[in-house]
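*Asks:* pasted the sequence and its predicted model underneath.
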Amino acid sequence: MNSMDFLLTNKDITYEIRTEIKRLGRQIPDLIISTVYDRFKWLCGCPKRNKLFCFICLVMGGNRSAWTQEGDTHITT
């Protein structure tokens, strides 16, 4: 269940499921160098989509933005 693709695909997720995903933590696949994940604690990756997203934004829901819809393929450090 700890999948960014799950969060991106399913918009009507219960509070309990969101809490469990938050507890499990963000996915940090090898899409970028690992030190970037250390620097930006809110950043997560989706290996299926090969993009970066805002973990907090995905878990908490709310505003639709590039960080919750399209993702990003690079980040400037």
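*Replies:* It's in.
*Asks:* tell me which element Glu20 is part of?
*Replies:* Following DSSP states H and E, one finds Glu20 within helix 15-24.
*Asks:* for that helix, packing partners?
*Replies:* helix 55-60 (3 or more Cβ pairs under 8 Å, 6 or more residues apart in numbering; DSSP states H and E). Yep, even glycine has a C-beta here, placed from its N, CA and C like the rest.
*Asks:* for the helix it packs on, buried residues please.
*Replies:* 55-59 (16 or more other Cβ atoms under 10 Å).
*Asks:* buried residues of the helix holding Glu20, list them for me.
*Replies:* Ile21.
*Asks:* next: stretch 57-73.
*Replies:* 57-59, 67-68, 71.
*Asks:* and of the residues you listed, the nearest to Thr9?
*Replies:* Leu58 (10.9 Å; Cβ to Cβ).
*Asks:* which non-adjacent residue is nearest that closest one?
*Replies:* Take Leu58 and drop its neighbours on the chain: the residue closest to it by Cβ to Cβ, 6 or more residues apart in numbering is Leu7, 4.4 Å away.
*Asks:* dump the residue contacts of Cys57.
*Replies:* Going by Cβ atoms under 8 Å, 6 or more residues apart in numbering, Cys57 touches 42, 63, 65, 67-68.
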